[in-house]
Every structure is written in structure tokens, then in C-alpha cells.
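# Provided below are the primary sequence and the corresponding predicted coordinates.
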Amino acid sequence: MTADAAPEAGARPGADTADGFLRELAERLPGARVDALTRSAYTSDASIYRVVPRAVVEPRDAEEAAAAVAVAAAHGVGVTARGGGTSIAGNAIGPGLVLDFSRHMNRIVDVDPDARTATVQPGAVLGAVRARAAEHGLTVGPDPSTYSRCTIGGMIGNHACGPHSVAWGTTADITERLDVLRAGGQLLGVGADTTGDQDLDARLRDLRDGHLAAIRTELGRFSRQVSGYGLHRLLPERGFHAARSLVGSEGTCGIVVGATIGLVPVPAARVLLVLGFPDVYDAASAAPALAAAGALTVEGMDAALVDALRSRPGRAQGVDLLPPGGAWLYCEIEGTDPADAEARARRVGRESGARWEVFTDAARTDALWSIRRNGAGIATRMADGREAWPGWEDSAVPAENLAGYLKDLHALMAERRRQGTITGHFGEGCLHLRVDWDLTTDAGIADYRAFIETAADIAVSHGGCASGEHGDGRARSALLSRTYSPELLGAFRDFKRLWDPEGLLNPGILVDPAPLDAAVRPGPGHDRHALPMVTLSADRGSMAGAVRRCIGVGSCRNATGAMCPSFQATGDEVHSTRGRARVLGEMLRGETLPDAWRSDEVREALDLCLSCKACKSECPVNVDMAAYKAEFLHRHYQGRLRPRAHYVLGWLPLLGRLASLAPGAVNALATRPGVARRLSRLAGLEPRRDLLGVAPRTFRQWFRTRTARAGTPGTASGVPGKTSGVPGATSGVPGTASGALGTASGVPGKTSGASDTASGASDTASGERRETVVLWPDTFSNFLDPSGARDTVEVLEALGYDVVLPDGPVCCGLTWYSTGQLGVARAVLGRSLKSLEQHLAAGRTVVGVEPSCTQALREESVELLPDSPAARRLARQTTTLAELVARHEGDWPFGTLDSPAVLQPHCHTEAGPGHGAELQVLKRLGVDTDVVTAGCCGLAGNFGYEPGHWEVSQSSAERELYPKVRAADSGTAIVADGFSCRTQISQGTERRATHLATLLRRALTTGRDTPAQPESAGRDTPAQQENG
């Protein structure tokens, strides 16, 4: 029977197993969540374990937390406290009541610069505390790589450390006072010499005095000995520090609802010294001396991690900066000023005997640290794509024994035919290891357990233990008996009972643990290979494998960056990328969510996903939730009626074509308030959104009349000295007459480029060799806002290119893809490829105008048509205008612009090549650019027009986009290549945004001083925005 199916899950033997617990919880705490969707999202953390809770409460204050704990205690239900859920040991999941402090109890109460302390609620994010402390020249010493989303309460619970603990101490070292709830609801102020309860103080002293020898000889032997309870902090010589004795207790003794922690001064200057060694053993051997020399960090990594990073397209930034070697150490060196820090680092480098490099600039230093920071995620996929897992993570030995320990560990891996990646805090002897275990079969899990038990014995033989940080949890609690004496294990049990007599707090952790291979999340029989419509090529066509990409590191919970906008707007775990991955995993298991692809709960979890693809680029394991959502919607609505918005927005290419037949009438209706509102409701759209208008003349119509005016090849194109871009067309007009998405020439049977050479180039009348490029006339640029496409033509021709359009109707299929109408998307894309056959065969570059469509040609085309050589060619030959201009080596026809700019990069561009080309072009134009870094604009294609999405859509824009646009003066250009971005900006601010092509068109030194006025779309739409 599964934990979800058992009604008594999370309760002690003999406890109330009826629904009384849930009823009373709902009565006392109306916000308690007992639905299957929420429970599914909380089944795991960043570990390999899965436990389904009975209920989740997100307390708003200590009183609500106490009420929840009291209800659970009254019914004998276990309670697990949770912060950011980034634990890799399985200590933030439980079968009873889960208290998530991160959503509401996240306030920084006070920072006292004189006392150098910070007082916080347990859900306060470390990164936010560091930022607040930095205002006073202070910081938090322990800084795990998850600092942007891990919480102070979680750090206290699992004894977090991080790179700087070698110099500034661990979480236990900085803990001054804790406000702690006991299982009965009693609130204690636990400090340096008292628990706040005299009777408990006396009992703890008696416990300590009864085991003094064992505590003194077995605990506190080296800085990273975290396994077990910190009883050594109760020793008389340590001042009976009750608060610090609870650090690392993982919520098994009390639940932290407030904390005061110590802060350290920020160094005056720091530089990064990177040392390259022949192998990881040499690096480990060098680490203790570097720590003794005063390095603030001594972080190690092996070549396997770098190889894994190099295997990820676009993710290897910083790798080329590493000095030669097979393993590396990152040593941060401080100084009184930058010159002093650099001189010290160079001295340490010279004395190390290694290959070394000193980095002083922030950009390169951050690129290097990102390798180490994202190591936990990167390491979950080996260079060849195999899955790797945490399990033997955070083991530690005295630093001087690390090299020998590593050799024995590698021997075990060779014996077991396992491979993995190694990173760690080498200066303190702590390792992070991800190994390619098979956790989907009984045999693989048995091999996993045997490996872990042997590895634990090896660590102990080198004077170490299973945990050097982040607690023991489900992964390591069962190994305590291999580490400590029976006497000390008995003392641990007594310590737990003094604090939690009924054993209700985080049951199964540290004391009376379950086997380490119980509740493994992948598990046998759950690797269901449903054949997807989206190929999921990176996961060999397995939806289960794709969902397993998420190992829970929680980057999607960052407050900054692009991922994940729906979580940033709601703070709800369900609406994070990780939460959705957990929900999809539960759907595939068919236990908690038995309705599979028809599940309304899964649909709800995916509903607020903007399909912005930020997870594809910012998630260290490249989770692609947009693809998973498209696949789910396809299956969910297969053979069923869809929401009206799916038909309206999904079939926008067809509706755009129809509307373009009578644009005046369409725009008149769209601008009439009462009519527009009724039309929105009839179409199932968000009524607070302005309806889109259509351009009076489509881009194809403009292109056709323009080339017809230009006449024969070689005549003027509207840019002095440039040709028309219609070589080789029999009729003098590129394209064919007919097509559902517009026509190019109006001459049936004629094709463009028939006489162009195979190289994709053509000859002008003067004999000049010119390259022909194909402009992709996407739906948005063709029907809704042609200005960017028109200016793109002008720019391309000014650069010396001949521009042609596809020979027939084309569409990338994105609107159907994003609404899950994958069969239609595949058919439309296949038809479009036929219109490009000659161009692709000739090797011509396809230039995209709309970023989402351009990225769809590069990525989704191959995923939808994996067996199509034409789709693969299209993906290779597609480029953005910015990329083409950035790599242009010929004459530069552009002048400089005086105006600064705010740049809103398109989120789908960020998921692919990024906005580097845009910045390069703008810099060359002399534009001082302020980049919006918060990711998606919030409209996100169909998302912002669907009902129920208004608040998230606006919240996403208000994070950074709207404020920057509103703050920009009238002389600042607002640059946004995406039609959705320009629409969101125009509807949410008083400003108008423009395509990069329009800015380039303005800068043409060979063209008109002022470009033609944009064609009206019958309303205040992007077609009327800043275009000249």
C-alpha cells in the first residue's frame, strides 16, 4: 500500500486515522491544503525520495504554525517543516503535515549592524538576507549554492555550509538564538545557555553528563562532521549552547519559527584564483594548504563536470576560462584593496605548483562561479545523456584525508561499474557526488544501496562521516549506525525524546530511520514510455525521463531572473517548474492522480505556465515545461471539446487571413468598447484585454506591390544604390500567386529563385555577387504588425542581400503547438517545409522576424518532425536579424543613434541563442542599452489573452518591464522584437515599443532620414507604435 493510499499515513501507531485530523485542520486553518494537486507538488524535494503528505499548511505567522502543530499533535500526525525544499537528503518531505514557511513567513525582521546580527522568520531567503546585510557592509557566512532560494530555517534545520564556511563558519557557528515550537505547541526562546525551559535544561545536562566521553571522542572531530545531533555543543567547554545543538536536527526536535544569526564583514576586495591540476587527487592534496593560507573558498571540481557542461549547447560559458587541467580548485582571495587581493592571489598561485589564473573582473568571475553554482543540476546528466543521481552526496572526511578517500571512492565506482561527477568543498574535505545509478529497477536500487553502505564504510575508515552538510535525512540516517557507537546512538535517541516525546516531528529522520532505499522516487514500474507527439529527443522519447530531469534544486523559485514567472507572481510551489514536474510525475505513476492525461489537477498546475521556456535555459537541467505542457494539452483534449480560446488563439493564422480580407470592418468592431467586450466573452478571451487589430495591408501585399514597382532585377529598391532583391524570378516578382496565408506575386505557377545558384547567391547586372536570403513572413508580422518585417527587408537589402519570400503559404505552427493542437501544428509545419524545399536545398538562410516563430523553426520543427531532413535543414539555416547583422563583415551602412534604449529580450530567444547579438548590434549603433532581465513580458502569446491569467500576466510585467518603460524618458527607444512584448507594453504603459529592425532602419546612412510611417491597424496597436 502506498503512503498516499494508506489513510493512516503520517500518523504514529494507535493514532486517530479517521478524517478528524483533516476536518479540524480545515476548521482551525481555512488555508490548509489537502487537495491531491498540492500534495503531489510536495512529494519530493531535491532528493531521490518520494513521500506523499496528508496536508500542507503555509503559515502566515507563528500563531498559525502553532495551531497547525497542535492539531497534528492532537491526532498523532507527524509534522515536517519545509523551507525552500532544496534538500538533497529527503529531509523536507513527510507523510503527515508539511509546514511550508517559504511563502508567507519570509520576513527579515531586523538587521543590527552594531551587533552584526540578523533576526528573521524561517522562510527568509538567504539571498535576500545577504542583500539586506550588504547595505551595512556585512554578509551571512554560510552560503550554499542555492542561496537564491534556500531559507534560513532550512539552513538551520539541515546545517548548511557552502563555499565560504572554510573561512566564515557553518550555520551552527553563526546561530545565536532560535524561537522553537515543540510538538505540543509550546514556544521556546532557545539561546546560548538555555532552552527557555528550566526542566528541559536540566534533563539535557543530565543526558550530556551521562555520555561525556562518547560525545567528546566521537563528535566535533572536524569542521564538516554534520552527521547526527550536535550534542558536543552542549559540552561545558562549549557553554551549553542549546540553540546551536539544534542546528542540523532537521526539525525532529522542534520547529524553528524565528532565528537570530551572526553576520560577518564583507572583505574590502576579493579576486578569484583558479588552479588547474592533473587530476582530482592532486587537487585534493593541495586543498588543506590553500585553506591554511587564508583562502576564503577552496572549491573543487573534476573534469567529468566540465565535460557534462560542454555537452549542453549554449551552457558552457566560463569553461574556456579554466586553466589547463583535469581538476580545478576555486580559491577566493581577499585583500585590503583590489591590487592587494590580486597580488596575494598571484603569490598563492605561484606557490601552489599548479597551472593558475587570477580573475578580477566581475563578468568572468561570475561565469566561472556559475559552473560550480549549477553543478548539482549539471551533474544530473552525464555527457552522454545518462541520468545521474544524488545519494552519496555531502560525505566528508578531514581535509588532509580527502585524496586517499577519493582514491578509494573511485575504486568502488570502478568495481561497481559506475560513473559520476565530483565537486565539493575540498578545503574542508566535503564531497558532492552524482552517480549514474539505475533507480528504475529493483536490481538497480539494490546496487544503489550496496554502493552507499560500502561508501559509508570507506568514509568512516578515513575518519569521516556520511554527511558534511545538509543533514542526514532519508538518504543517510540509516547510516548513523555505521558511523557511531551504540552508546552515542542511544544518546541521540534520548535527545530526540526529550524534545519530542511522542516522536511526531519529522518522523523517520535521524532516529528510528527507514531503510535508505525505501520510497525511492523513480522506482520500479514507474518509467512509463508514453510515445509523445513532441519527440522529446533529449530524453529519448520518454515523458517519464523528461519529467525526471527535474531533480528539485529549485532554481525556478528564484526571486530574480526569468524563471519561473508564475511562481514569482504567486509564491505557490504548485506553480513553479519544480512543482509542475512533480505533478506530472505523479500523473505518470497513476496513484495520487489516477486520471492520467485527463487529470483536471494536472491541467490546473499547467494552466499558469506561460510557456516562456525560461526553464529551458535557466534550469541547470534544461527542463522544458513548455513542451510538456503542449504534450499534456494535446492528450488532455484529444477527442474532446477545447476551451474557446484554444480555437480562437490557436487558429490565429487562419483568422488573421480572414480578417485581412476586411481589415477596416474588423478594426472598427475591435475598437468599439461594448462590442469588443462582447466579442471577447464570445471568443472565450480575457475581457480586460484589448482585442487585436489587423494591418490595413499585409506584409505580403506590401512586399508584392513593392517588388512590382521595382520592376526587373537590378532596379532600385527604395534604398539608393541597392537592388530590388528579385533576381531569378520569371515574372520579376518572387513567390507564387496563391496561398492560405497571403500571396507573393499574384502569378499562379511562378516560383521565385528558379535561376538562383545552388549557393543561395545571385549575380547583379554589374556582376556583383549577392547572397539571397528568405524572409519568414510569420502570422504576426504578416497580418497584425508588418512594420518590423518591412524594416527587416530594408535593412537586409542595405547590407547587400537579396530578399525573397517562401514560395507558398508558411507557418511555424506555434499557435497550435502552444495550445496543444499538435496534430495540426505538425501538418502545417510539414506543408510549410514544402514551400521552402528549393530554398533549403540551395542553402539559403531563413531570416525570422518574430522571435517565437524563429525559435520554433529552430527547435519545435525538429521535435514535431524528427524524421524530416528538411526540418533539420531549416533548423540549421534559420537565423535572427540581429545574428545576421552581428556577424556581417561587409560594408556597414548604418550610422550611430543618439537615443538610449530599453531592451526587452524575447523569452524564446533567451531559451535559444540569447540576446547577445542584439546587444552587440545596439552597441555598434552607439546605443546605451538597459536590458530587462526579468524574462517574459507576461503576455506570452496566447497566455495573456486566456481568461484567468490577467493577474499573473500583469504581475510578470510589473516585476521589471513596466517600471523600466515608465521610467524611460521620451528620447529612449523601447526595443522589443516580439509582437506579444510590444502589445503588452502598449496596453500596459503609455509607451510604444519598436522592433530592432526599425532602429536599424533609422540608422541607415544610405536610406531616407525618416522611415515611412507605419500602416494603421485601425487602433492603438504595435502597428502604430514608434516606427519613425
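Received it, and whenever you're ready, just let me know what you need.
# drop to CA atoms for contacts and neighbour counts, all remaining ones
Fine.
# Now for the nearest residue to residue 504 once chain neighbours are set aside, how many residues are close by?
What sits nearest to residue 504 in space, not counting adjacent residues and going by CA to CA, 6 or more residues apart in numbering, is residue 78, at 4.4 Å. For residue 78, the count of nearby residues is 27 (other CA atoms under 10 Å).
# Repeat that for residue 426.
Other residues lying near residue 426 total 34 when counted by other CA under 10 Å.
# Quick check: it vs residue 356, distance?
17 Å (CA to CA, to the nearest Å).
# Ok, residue 558 next?
Taken as CA to CA, the span from residue 558 to residue 356 is 33 Å.
# now do residue 990
Applying CA to CA to residue 990 and residue 356 gives a distance of 53 Å.
# Low-confidence stretches in this protein?
Where the chain drops to pLDDT under 70, the residues are 1-18, 313-316, 376, 525-531, 710-769, 1005-1028.
# Would you mind giving the domain segments of it?
Listed by automatic domain parsing, the domain ranges of the chain are 20-100, 108-265, 269-436, 537-640, 699-1024.
# ends of the second one, how far apart?
Looking back up the chat, that one is domain 108-265. Across domain 108-265, the terminal residues are separated by 19 Å (CA to CA).
# show me what contacts residue 631?
Neighbouring residues of residue 631 by CA atoms under 8 Å, 6 or more residues apart in numbering: 532-534, 820, 822.
# now the helices for the stretch 301-450 of the chain?
Ranges of helices within the stretch 301-450 of the chain are 303-310, 338-352, 362-373, 375-378, 402-415, 442-461, based on DSSP state H, counting those that start in this stretch.
# Please identify the most buried of those.
Among the helices of the stretch 301-450 of the chain, helix 375-378 has the highest mean neighbour count (mean count of other CA atoms under 10 Å), at a mean of 26.
# check contacts around residue 982.
Residues in contact with residue 982 (CA under 8 Å, 6+ apart) are 976, 992-994, 1022.
# Filter these down to the buried ones and express that as a ChimeraX selection.
Of the contacts of residue 982, the buried ones go into a single ChimeraX selection, burial set by 16 or more other CA atoms under 10 Å:
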select :976,992,993,994,1022
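# Export the contacts of residue 982 to a markdown table and append columns for secondary structure and distance to residue 860.
Output for the contacts of residue 982, formatted as a markdown table (DSSP: H, G, I helix; E, B strand; the rest coil; distance: CA to CA, whole Å):
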| residue | secondary structure | distance to residue 860 |
| --- | --- | --- |
| 976 | coil | 22 |
| 992 | coil | 30 |
| 993 | coil | 27 |
| 994 | strand | 26 |
| 1022 | helix | 26 |
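# hey, where'd the helices end up in the stretch 451-600 of the chain?
For the stretch 451-600 of the chain, the helices defined by DSSP H, counting those that start in this stretch cover 473-476, 486-499, 543-548, 565-570, 577-589, 600-607.
# so what does the longest one touch, helix or strand wise?
When you say that, I think you mean helix 486-499. When contacts are defined as 3 or more CA pairs under 8 Å, 6 or more residues apart in numbering; DSSP states H and E, helix 486-499 packs onto helix 198-210, helix 212-218.
# distance of the spatially most central residue of the chain from residue 358?
Centroid-nearest residue in the chain, with CA atoms, centre = their mean: residue 619, separated by 3.1 Å. Using CA to CA, one obtains 28 Å as the distance from residue 619 to residue 358.
# Same question for residue 443.
Remark: distance between residue 443 and residue 358 (CA to CA) = 47 Å.
# before we move on, back to that, how about the domains of the chain in JSON lines, adding distance to residue 461?
Listed next are the domains of the chain as JSON lines, based on distance: least, CA to CA, whole Å:
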{"stretch": "domain 20-100", "distance to residue 461": "22"}
{"stretch": "domain 108-265", "distance to residue 461": "14"}
{"stretch": "domain 269-436", "distance to residue 461": "9"}
{"stretch": "domain 537-640", "distance to residue 461": "30"}
{"stretch": "domain 699-1024", "distance to residue 461": "46"}
